[in-house]
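Enquirer: model this:
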Amino acid sequence: MAQFLHGVKVKSKKAGVIPFVEASSAIIGLVGTAPKGKPWKIHTIRNWDDAIETFGKEQAGYTIHRALRNYFNYKETTVLVINVFDPDLHTKVSDVSATDIINGLNLFKKAKQELGFFPKILDVPNFSQEVEVAQAMSSLADQIKAIALVNVPQGADITAAVNFKNNFSSKRVYVCYPKVYTEDPIQEKPTLDWLSSQVAGLIVKTDLEKGFQNSPSNKELKGILGLEFIYEYVPDDPTSEVQYINSQGIITVKKDRAGYRLFGNTSSAYPANTHPADVFINWVRVADILDETIQDNLIQTLDENIIDNPYDPTTSIVYRVRESIDDLLNTWKAKGIIISGQAEVPLELNTASELALGNVYYRIKDFAVSTPMQGITIERIANSNALAEVFSKLFGGNQ
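Expert: I've put the predicted structure just below:
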């Protein structure tokens, strides 16, 4: 029996798109060593004062302070830091092993639960040159949709650098070579430093100033005082050393009248894989941020009825999800983050059995990010008749 009501009652229903909050891109995940700071814990560091308060004054042999200084030299940002120097396990910092680093990396899997987000740029200076550590970084990057910045071992020549890079073929692994000289405040002189921390800082700066759809390549590196090795670079000669290093899927440094600049756009998947979605750093990162943004924001729609009104599909969650994804894609197109992309509901995948199980399939078709303009070719046509033609125009009327 209907409840008696003498009056007006209003019922509300939700329609329209679900506003999406974009996942953050400029978050670094650093694993290393420090003399202070609770080990095996994710510390959130946003500036140099935070670093000193948490990890104490910098001391020789530890890695966290120098990496943080490199990042903040470009831009203050959020850095998730795990200190694996544990006085209960290690009598000195040199006792820290690859296994310790890998155990520290695995703690980042808890970051979403603890903090609400994952790091998007993984950096492990002084350890990532170990293949075991680099492979663990690659595996973690796949799981949390991040990129891993891996260093070539110190002292490696070009052949050794390429051999090291060939241990990987991942769209998420970016191999950095060679080492660079930066100011060491403890020794008060320039000393060799790992390029990966410079790359991480430059990526953050690029993200915050230009957008994560842009590559950090050919942008200025800060605080570089020299290179471990200086290699030849001839702009129009693909056989010159810097060109060759890039052609093997390794990110390097180019010095010219504009100073030291990062040089290289491609992941370790290149040259075996040439699809832009697996090769170019901006393609990979845009796709990752898109995936994570959609996942994070659609959690709220789980367990809602697929269809709540067969006569008005616009109020059903299945319709609103598609419209919401499309709205995000259109927003990103307007911002220049992507150049193409459209959401659809593929009927061939949404079969009766899948819908009965509560599974709904969507597709983003024609997804595309602009590739970096890596090469410019100019055709110059020499015309020996040009002088006569100009001469005729000037004097053809016997002026």
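
Enquirer: which stretches of this protein form helices?
Expert: 48-55, 64-74, 98-106, 111-115, 131-144, 158-165, 195-209, 241-247, 276-279, 281-298, 317-335, 352-356, 386-395 (DSSP state H).

Enquirer: Which pLDDT value goes with Val199?
Expert: For Val199, the model assigns a pLDDT of 98.

Enquirer: Let me know whether it touches Ile251 as I believe.
Expert: Yes. Contact status for Val199 versus Ile251: in contact at 6.7 Å, counting by CB atoms under 8 Å. C-beta coordinates here come from the backbone N, C-alpha and C atoms, glycine included.

Enquirer: So for the two, which residues contact both of them?
Expert: Tyr174, Cys176, Leu262 (CB atoms under 8 Å, 6 or more residues apart in numbering).

Enquirer: hang on, isn't the second one packed against Ile251?
Expert: Spelled out, it's Cys176. Yes. Contact criterion CB under 8 Å: Cys176 and Ile251 qualify, at 5.3 Å.

Enquirer: Mutual contacts of those two, please.
Expert: In contact with both Cys176 and Ile251: Leu195, Val199, using CB under 8 Å, 6+ apart.

Enquirer: how close does Ile294 get to Met373?
Expert: For Ile294, the distance to Met373 equals 29 Å [CB to CB, to the nearest Å].

Enquirer: whoops, I mixed them up, Gly29
Expert: Where Met373 is concerned, Gly29 sits at a distance of 30 Å (CB to CB).

Enquirer: between the two, which one's more packed in?
Expert: Gly29 (29 against 9; other CB atoms under 10 Å).

Enquirer: pLDDT score for the more buried one?
Expert: 98.

Enquirer: what's around the closest residue to it other than its chain neighbours, how many residues?
Expert: Leaving aside its sequence neighbours, Gly29 sits nearest to Pro119 (CB to CB, 6 or more residues apart in numbering; 2.8 Å). By the measure other CB under 10 Å, the count of residues near Pro119 is 26.

Enquirer: just checking, Pro119 touches Ile144?
Expert: Yes. Counting by CB under 8 Å, Pro119 touches Ile144, with 7.3 Å between them.

Enquirer: Need the residues touching each of the two.
Expert: In contact with both Pro119 and Ile144: Phe108, Ala111, using CB under 8 Å, 6+ apart.

Enquirer: how far does stretch 172-186 sit from the chain's center?
Expert: Stretch 172-186 sits 17 Å away from the centroid of its parent chain (CA atoms, centre = their mean, to the nearest Å).

Enquirer: Let me see the domain layout of the chain.
Expert: Per automatic domain parsing, the structural domains of the chain span 27-285, 302-368.

Enquirer: Now render those domains as JSON lines, adding distance to Phe4.
Expert: Putting the domains of the chain into JSON lines (distance: least, CB to CB, whole Å) gives the following:
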{"stretch": "domain 27-285", "distance to Phe4": "47"}
{"stretch": "domain 302-368", "distance to Phe4": "26"}
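
Enquirer: Looking at these, which is nearest to Ile381?
Expert: Ranking those by proximity to Ile381 (CB to CB) places domain 27-285 first, at 17.4 Å.

Enquirer: The closest one: end-to-end distance?
Expert: Distance across domain 27-285, first residue to last, is 12 Å (CA to CA, to the nearest Å).

Enquirer: what about the protein, any weak spots by pLDDT?
Expert: Within the chain, the stretches with pLDDT under 70 are 1-2, 5-17, 397-399.
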